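Asker: Below is the sequence, then the predicted model.
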Amino acid sequence: MASLVQLFGRARWALPVALSLASGACGGDGDEAGSGGSGGSAGTPSGPSSLAFDPAETLTLVPGEVRSVAVVTKPPGHYLVRFALLGDASDAALDQSETTTDGSGRAEVAVTAPSSARTFSIRASSGDKLSTSVAVSVSASGFASLQVAPAYSGKRSVSHWVASARTGVSCAELSGELLTDGDLKGKAPFDKVPQVDDVPVGPAIAVTLRGAESIAGCKEVGNLSAGEIRSLTVPVFDLPMKLEGVALELELGLEGATGKWPELLQVNAALAALSPASNDASALLDAMQSQSADPAAFQAARKTGSWDAQVQGAIGGPNAIRSLVDPWLKQGAAAFAAPDALRGSLTSAAGSPTKAWLELASAGGADATRAGFPSKYLTSWQAHPDDSVALGVELALLPSRLVTALALGPARAEVSGAPSVPDALADLLACKDVALTLVAAGSGPGEAYAKCDSVCAESLCREGLVELWALAADASAAPTAPVSTLSVAATATASVDDFARPFAFSGTWVGAFSTGSTSAPVSGAANAKKPGPPE
């Protein structure tokens, strides 16, 4: 009567077998280590750290032949090992489905070859996670080798090719499993041809060829001769691009809307908010008074000393601040249209392969958050069979914050090294002279008002300019302000990595910048690349 293991072997699998022997060693290399006591005795609580067949090369057998094969564990010790038959095993059998390694970490299992030519594998496992396998090739007529070259017309480049061969299945049946290798395998760099050895003569062979996990194909072959080295060309094609787990640095250029940027970015609204009193001297004094430690004393001295008229003369007229700021705002608005208008990161959204998060880092060279852009936008994106990607998003923003952020560049052109626009204004308007003017018309000797000398007054002038600039920046945040959006629809050609994921793309985008009822078509370059190493 056939043994129990032989009966189950004919069903292509063997019952799991657990062996446990004591050992003082502890397993342990990350996820490959066998889990705790699963199958180990009290002496080996963590299992082996590695498991391998010895020898690891393909077993070549004739039908019905019995051959012993060993497994070796590291570190040495007594461990539970289970065996199973995988693939086209047919009536092959193992003499045992479980055994225990000896003190050197070694155990053997005997395999009886099936009654006809085919390929399959023997798997050994220990614990919950650690496993290894060895290929078995069976033929009464000998074995051949296949040199497997790709027939590829695509543009992807991968690091290596893996060719594999198996029996008992057709290419049609493997159409959805081309990344699953067969029992017999060969590997080569991208510019070389992999060779698969020990292919059994006799049965039909399904040969798969994959370029890493990005390109794949299959071809069936038969009529092999013993000792033959056959050259085989397998048509391969690009596997669908994967958009999960992608993280890229994105840059959007911007052009168009020439002459409309001051209107689109609400320069006039920012100017109006900057000087709500319609007189820059009065607006500055209002802001200084709000920053004062004693607003009542400030107000009394202001009235008694006719400060509004005095400061207007000191700064150069009723429009002195706006006359300085207006060209900065307009130049900054026009400068937004640049090759690097928007920069940020594009990251796959977890659980949604058609969505990604766009997080802007800069707008026109300014910090994106300070420039009125929310921290994140949910975008739609899609991969196409020609390795192109499509990206769509509507960016809501506060244009007054953007244009006031962009004004820093022109302001620095006039006041080199100015840390901010208010600092540039303080230098050009001479807050020190404003302070001396207030002290001269103040409520007491050496004071603009009680306990506020020229140093105090100069500080208030600078703080007042900061407050006015904040009012200008927040003009678009008013409840009655029109809504501003930048719509982006990008298409780009992607470069794809070994895992069929884009690691870069280059293309263009089109869209519109709209503020209220004013809208202008815009466009630009759309480029992305894999982030570099942290500095």
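Answerer: The structure has been received and is ready for your questions.
Asker: Every contact and neighbour count from this point should use C-alpha atoms.
Answerer: Noted.
Asker: where does the stretch 401-535 of the chain dip in pLDDT?
Answerer: 535 (pLDDT under 70).
Asker: What ranges does it have for its strands?
Answerer: Counting by DSSP state E, counting those that start in this stretch, the stretch 401-535 of the chain has strands at residues 484-496, 502-515, 518-529.
Asker: CSV for those, including mean neighbour count and distance to residue 108?
Answerer: CSV is the format used below for the strands of the stretch 401-535 of the chain (neighbours: other CA atoms under 10 Å; distance: least, CA to CA, whole Å):
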stretch, mean neighbour count, distance to residue 108
strand 484-496, 21, 44
strand 502-515, 20, 46
strand 518-529, 20, 51
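Asker: Distance to residue 422 added to those, as a markdown table?
Answerer: A markdown table is the format used below for the strands of the stretch 401-535 of the chain (distance: least, CA to CA, whole Å):
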| stretch | distance to residue 422 |
| --- | --- |
| strand 484-496 | 25 |
| strand 502-515 | 26 |
| strand 518-529 | 30 |
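Asker: Outline the domain layout of the protein.
Answerer: With automatic domain parsing as the criterion, the domains of the chain are listed as 4-137, 143-238, 247-257+340-398+482-529, 261-335+403-473.
Asker: can you give me the strands in the stretch 1-150 of the chain?
Answerer: Going by DSSP E, counting those that start in this stretch, the stretch 1-150 of the chain shows strands at 50-54, 59-61, 66-74, 80-87, 93-94, 98-100, 106-112, 118-126, 130-138, 143-151.
Asker: Which elements pack onto the first one?
Answerer: Which is strand 50-54. Using 3 or more CA pairs under 8 Å, 6 or more residues apart in numbering; DSSP states H and E, the elements in contact with strand 50-54 are strand 66-74, strand 118-126, strand 130-138.
Asker: Can you say which of these is packed in most?
Answerer: strand 118-126 (a mean of 25; mean count of other CA atoms under 10 Å).
Asker: If you count contacts, what does that one end up packed against?
Answerer: Against strand 118-126 (3+ CA pairs under 8 Å, 6+ apart) you get strand 50-54, strand 80-87, strand 130-138, strand 160-166.
Asker: Figure out which of the helices and strands packed on strand 50-54 is closest to residue 47.
Answerer: Shortest distance between residue 47 and those, using CA to CA, is found for strand 118-126: 7.2 Å.
Asker: So which residues make contact with that closest one?
Answerer: Residues outside strand 118-126 that contact it (CA atoms under 8 Å, 6 or more residues apart in numbering): 34, 38-39, 47-48, 51, 71, 79-89, 131-139, 166-168, 183-184, 200, 203.
Asker: least trustworthy helix or strand in the chain by mean pLDDT?
Answerer: helix 4-9 (a mean of 36; mean pLDDT, DSSP states H and E).
Asker: sorry, back to before: select, out of the helices and strands packed on strand 118-126, the one closest to residue 98.
Answerer: Among the helices and strands packed on strand 118-126, the nearest to residue 98 by CA to CA is strand 80-87 (4.5 Å).
Asker: Within its sheet, name the partner strands of the closest one and how each one runs.
Answerer: For strand 80-87, the paired strands and their directions (DSSP bridges) read strand 98-100 (antiparallel), strand 118-126 (antiparallel).
Asker: among the ones you listed, which is nearest residue 252?
Answerer: strand 118-126 (51.1 Å).
Asker: Next, the angle from that closest one to strand 50-54.
Answerer: Interaxial angle, strand 118-126 versus strand 50-54 (axes from the mean of the first three to the mean of the last three CA atoms, to 10 degrees): 140 degrees.
Asker: Quick one: mean pLDDT over strand 118-126.
Answerer: Computed over strand 118-126, the mean pLDDT rounds to 98.
Asker: ok and it relative to strand 66-74, angle-wise?
Answerer: Angle of strand 118-126 versus strand 66-74, following the same axes, to 10 degrees, is 30 degrees.
Asker: how far is strand 118-126 from where the chain is centred?
Answerer: 37 Å (CA atoms, centre = their mean, to the nearest Å).
Asker: And stretch 105-124, by the same measure?
Answerer: On CA atoms, centre = their mean, the centre of stretch 105-124 falls 43 Å from that of its chain.
Asker: Using CSV, list the CA coordinates for that stretch.
Answerer: The C-alpha coordinates for stretch 105-124 follow below in CSV (Å, rounded to 0.1, in the frame of the first residue of the first chain):
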residue,chain,number,x,y,z
GLY,A,105,20.9,22.5,11.6
ARG,A,106,20.7,19.9,8.9
ALA,A,107,17.8,17.6,7.8
GLU,A,108,16.9,15.5,4.7
VAL,A,109,13.8,14.7,2.8
ALA,A,110,13.5,12.1,0.0
VAL,A,111,11.6,12.9,-3.2
THR,A,112,10.2,10.3,-5.6
ALA,A,113,10.0,11.7,-9.1
PRO,A,114,6.7,11.6,-10.9
SER,A,115,6.1,9.1,-13.7
SER,A,116,6.4,11.5,-16.5
ALA,A,117,8.5,14.5,-17.6
ARG,A,118,7.7,17.8,-15.9
THR,A,119,8.9,20.5,-13.5
PHE,A,120,8.0,21.4,-10.0
SER,A,121,9.5,22.6,-6.7
ILE,A,122,10.0,21.5,-3.2
ARG,A,123,9.4,24.1,-0.6
ALA,A,124,10.8,24.0,3.0
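Asker: For this structure, just list every one of the helices.
Answerer: 4-9, 261-264, 267-274, 280-291, 295-304, 307-315, 320-335, 399-406, 408-414, 421-429, 431-440, 454-473 (DSSP state H).
Asker: Now do the same contact list for the nearest residue to residue 454 once chain neighbours are set aside.
Answerer: Nearest non-adjacent residue to residue 454, counting by CA to CA, 6 or more residues apart in numbering: residue 435, 5.2 Å away. For residue 435, the contact set (CA under 8 Å, 6+ apart) comprises 448, 454-458, 461.
Asker: which among these end up buried?
Answerer: When the contacts of residue 435 are checked for burial by 16 or more other CA atoms under 10 Å, the buried set is 448, 454, 457-458, 461.
Asker: Dump those into CSV; add distance to residue 471 as well.
Answerer: CSV is the format used below for these (distance: CA to CA, whole Å):
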residue, distance to residue 471
448, 25
454, 26
457, 21
458, 20
461, 15
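Asker: rewinding a little: so for residue 514, which of the helices of the chain sits nearest?
Answerer: Comparing those under CA to CA, the one sitting nearest is helix 261-264, at 6.8 Å.
Asker: Pull the distance from that closest one to the chain's centre.
Answerer: 34 Å.
Asker: what does it rub up against?
Answerer: By CA under 8 Å, 6+ apart, helix 261-264 touches 268, 329-330, 333-334, 399, 513-515, 518-519.
Asker: let's go with 6 Å and repeat that
Answerer: 330, 333-334, 515 (CA atoms under 6 Å, 6 or more residues apart in numbering).
Asker: and stretch 438-454, which residues are buried?
Answerer: Here stretch 438-454 shows 438-443, 446-449, 452-454 as buried, counting by 16+ other CA under 10 Å.
Asker: quick revisit: return the member of the contacts of residue 435 nearest to residue 342.
Answerer: The nearest one, if we look at the contacts of residue 435 relative to residue 342 and count by CA to CA, is residue 461, at 34.5 Å.
Asker: coming back round to it: out of the helices and strands packed on strand 50-54, nearest to residue 280?
Answerer: Nearest to residue 280, of those and by CA to CA, is strand 130-138 at 76.5 Å.
Asker: Touching the closest one from outside, list them.
Answerer: So strand 130-138 is contacted by 32, 34, 58-62, 117-125, 183 (CA under 6 Å, 6+ apart).
Asker: thinking again about what came up before, could you export the strands paired with strand 80-87 as CSV, including distance to residue 299?
Answerer: As requested, those are exported to CSV (distance: least, CA to CA, whole Å):
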stretch, distance to residue 299
strand 98-100, 94
strand 118-126, 85
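Asker: Of all those strands, which one is nearest residue 193?
Answerer: Per CA to CA, nearest to residue 193 of the strands paired with strand 80-87: strand 118-126, 22.1 Å.
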